[in-house]
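Participant: Need coordinates for the following:
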Amino acid sequence: MGEKKKSGFATTGFVLGIVAIVGSWIPILNVLSIILAILAVIFSAIPLFQKRSLGKAITGLVLGILTIIIAISINNAVVNNVDKTLNSEVTSVKNARTGQITYSIGEIITAKDFEITVESVGTAAKLGGQYFNSLPSEGGIYVTLDVSYKNISDKPKGMFSTPSFYLIDPKGVKYSADISASSYYAREKEPDRKILSDLNPGIKVNDNKVFEVSMEFYGDGEGWQISARADKDYRVNIKDAAEMAVLELVE
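Facilitator: Below is the predicted model:
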């Protein structure tokens, strides 16, 4: 008997639900569909309590809820895509203004007088051996850097003319290498860099650096870069590494 009782609210909710679900797939404009869907839910809920036109009332209610879910999901996806696009464009514009080009780990950077390659970037909680070692300060972590560079000019380059390397955080703050920790790491890697002698044309050498940073700030390296300075500043994205080194905490 309840189903035979007619309700204008149920019919209104049913119609609003149909109109709302049709427009829910149109990004941004489906905000109007959300409004119609809310009205559909309200108009459909009334006859449910009154037990009138239950078929239309339930259908209108379901359509209204589905519309809200679909419309919000689509709009969130659109906003996220727009946000990513705008961020990418802002980065591109910034790089264009500063002449900044970013590179990946393992990619050869051709500077004026050198070919520079950031070979790998990793993390370490301890450097050195059992008796002679270096540990970061409390809350800190070592970021290790392996690089190579080749003199592609036609003149020897002195120690003050070779590339220098820094760690750059997401805010642009520059970190210099930790000299003590770098010396311990060099014992492990045995670089062939030139310190007191010139780097002659056509010669390639390997070098290593270590930076001490906050473990919390560094996280997984997202947004951090290596700065290779030669004739200008070249940036290498740390997260472009094929594999990030696994941090093993050593007590």
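Participant: Flag the helix or strand of this structure with the lowest per-element mean pLDDT.
Facilitator: Of all helical and strand segments in the chain, the minimum by mean pLDDT, DSSP states H and E falls on helix 54-98, at a mean of 73.
Participant: just checking, next helix/strand downstream of it?
Facilitator: Following the chain from helix 54-98 toward its C-terminal end, the next helix or strand by DSSP states H and E is strand 102-104.
Participant: packing partners for that following strand?
Facilitator: Contacts of strand 102-104 with other secondary structure elements, assessed using 3 or more Cβ pairs under 8 Å, 6 or more residues apart in numbering; DSSP states H and E, are made with strand 233-237. No exception for glycine: its C-beta is placed from N, CA and C like everyone else's.
Participant: Let me see the domain layout of the protein.
Facilitator: For the chain, automatic domain parsing gives the domain ranges 2-98, 102-240.
Participant: For those domains, please prepare CSV with the additional fields mean neighbour count.
Facilitator: What follows is the domains of the chain, written out as CSV (neighbours: other Cβ atoms under 10 Å):
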stretch, mean neighbour count
domain 2-98, 17
domain 102-240, 16
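Participant: Flag whichever of these has the least confidence on average.
Facilitator: Ranked by mean pLDDT, these end with domain 2-98 at the bottom, a mean of 78.
Participant: what's near enough to touch the residue nearest the centre of the chain?
Facilitator: The geometric centre of the chain, computed from its C-alpha atoms, lies nearest to Glu222 (Cα atoms, centre = their mean), at 5.1 Å. Counting by Cβ atoms under 8 Å, 6 or more residues apart in numbering, Glu222 makes contact with Pro170, Lys239.
Participant: Extract the C-alpha set from stretch 133-148 and format it as CSV.
Facilitator: Presented in CSV, the C-alpha positions along stretch 133-148 are these (Å, rounded to 0.1, in the frame of the first residue of the first chain):
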residue,chain,number,x,y,z
ASN,A,133,85.7,6.1,11.4
SER,A,134,83.4,9.1,11.2
LEU,A,135,79.8,9.3,12.4
PRO,A,136,77.3,12.1,11.7
SER,A,137,76.0,14.2,14.5
GLU,A,138,72.8,13.2,16.3
GLY,A,139,69.9,13.4,13.9
GLY,A,140,72.3,13.7,10.9
ILE,A,141,73.1,11.6,7.9
TYR,A,142,75.9,11.5,5.4
VAL,A,143,75.1,12.0,1.8
THR,A,144,77.9,10.5,-0.4
LEU,A,145,78.7,11.8,-3.8
ASP,A,146,80.8,10.0,-6.5
VAL,A,147,81.7,12.2,-9.5
SER,A,148,84.1,12.2,-12.5
